[in-house]
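Peer 1: Make a model of this:
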Amino acid sequence: MPVLNVSQSNLGSVLFGQPSLEAVDYFTSVKNQILSKSSGFKEEFLQVGKQVFDSVYSARALELAKAAINKAGSLFTPNLVKELKTLEELQTAKPAMQRYIMANPMVREMFHDLRCYGYGESYFDFEPGKIGEDHYDYRRIFNGVLRVNEETGEWYKTIYREGMRHGDTWLDPSDQIDIINTHRNVENFMLLAAKDPTSDWNADL
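Peer 2: Numbers count the residues shown, from 1 in each chain. As a prediction, the model looks like this:
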């Protein structure tokens, strides 16, 4: 049975949804009014109240709440190869797609430089340091795929004659297309240098 680890501060968001912007604005206004008329309150009481408010309605708290909701919604997503298009889909990728996302040369370079999360404990790098054709999963993705040589403009394809590792199955052409399209999508998010598409908690790059 799938298990979702959610912090206490994010539990309400998973159960009841993320608060609307209108609700956040309203409670922010109420908080500011209270603080402006708070000369009679004890400073310690006000600080505790402010900390509680910030823990619930700060920008980062809302981001974590959204990430928790996305994780909860992905629990029953099938663990299979398919194109992932949105940031949320990439961040909550199942292991079947994580390994192929992490085979992307741009992602692997950033992962080796500790500039992206790389799915944390749910992804295990069997070939640390290897990128591109040196990497087993990369060769599986592009085996027999027609590509363009960026220097000459000529079309070519490479057949990698190697055995399959235990437990692996052949990728059919539709699988390869889905993974290659996912590579383009994840590269676009990496180039934006905003949110980490390999972080299931919506961390910044």
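Peer 1: Show me the shaky parts of this structure.
Peer 2: The model of the chain has pLDDT under 70 over residues 1-76.
Peer 1: please redo it, this time with the cut-off set to 50
Peer 2: Low-confidence segments of the chain, defined by pLDDT under 50, span residues 1-3, 9-11, 13-16.
Peer 1: Which parts of it are helices?
Peer 2: 8-16, 21-36, 43-57, 59-73, 87-91, 95-101, 105-112, 136-142, 173-192 (DSSP state H).
Peer 1: looking just at contacts, which helices and strands does the longest one meet?
Peer 2: Right, the one you point to is helix 173-192. On a contact count with 3 or more CB pairs under 8 Å, 6 or more residues apart in numbering; DSSP states H and E, helix 173-192 meets helix 87-91, helix 95-101, helix 105-112, helix 136-142. No exception for glycine: its C-beta is placed from N, CA and C like everyone else's.
Peer 1: Hey, what's the angle from the longest one to helix 173-192? Just curious.
Peer 2: What it means is helix 105-112. Put simply, helix 105-112 runs at 60 degrees to helix 173-192, going by axes from the mean of the first three to the mean of the last three CA atoms, to 10 degrees.
Peer 1: Give me the contacts around stretch 150-162.
Peer 2: 133, 139-140, 142-149 (CB atoms under 8 Å, 6 or more residues apart in numbering).
Peer 1: Tell me the one among these nearest to Asn104.
Peer 2: Phe142 (11.1 Å; CB to CB).
Peer 1: ok, how many other residues are close to Met110?
Peer 2: Using other CB atoms under 10 Å, Met110 has 18 neighbouring residues.
Peer 1: That one contacts Leu191, doesn't it?
Peer 2: No - using CB atoms under 8 Å, Met110 is not in contact with Leu191, being 10.9 Å away.
Peer 1: contacting residues around stretch 172-180?
Peer 2: By CB under 8 Å, 6+ apart, the list of residues contacting stretch 172-180 reads 81-83, 97, 100, 141-143, 145, 171.
Peer 1: Please consider this matter closed, and thank you.
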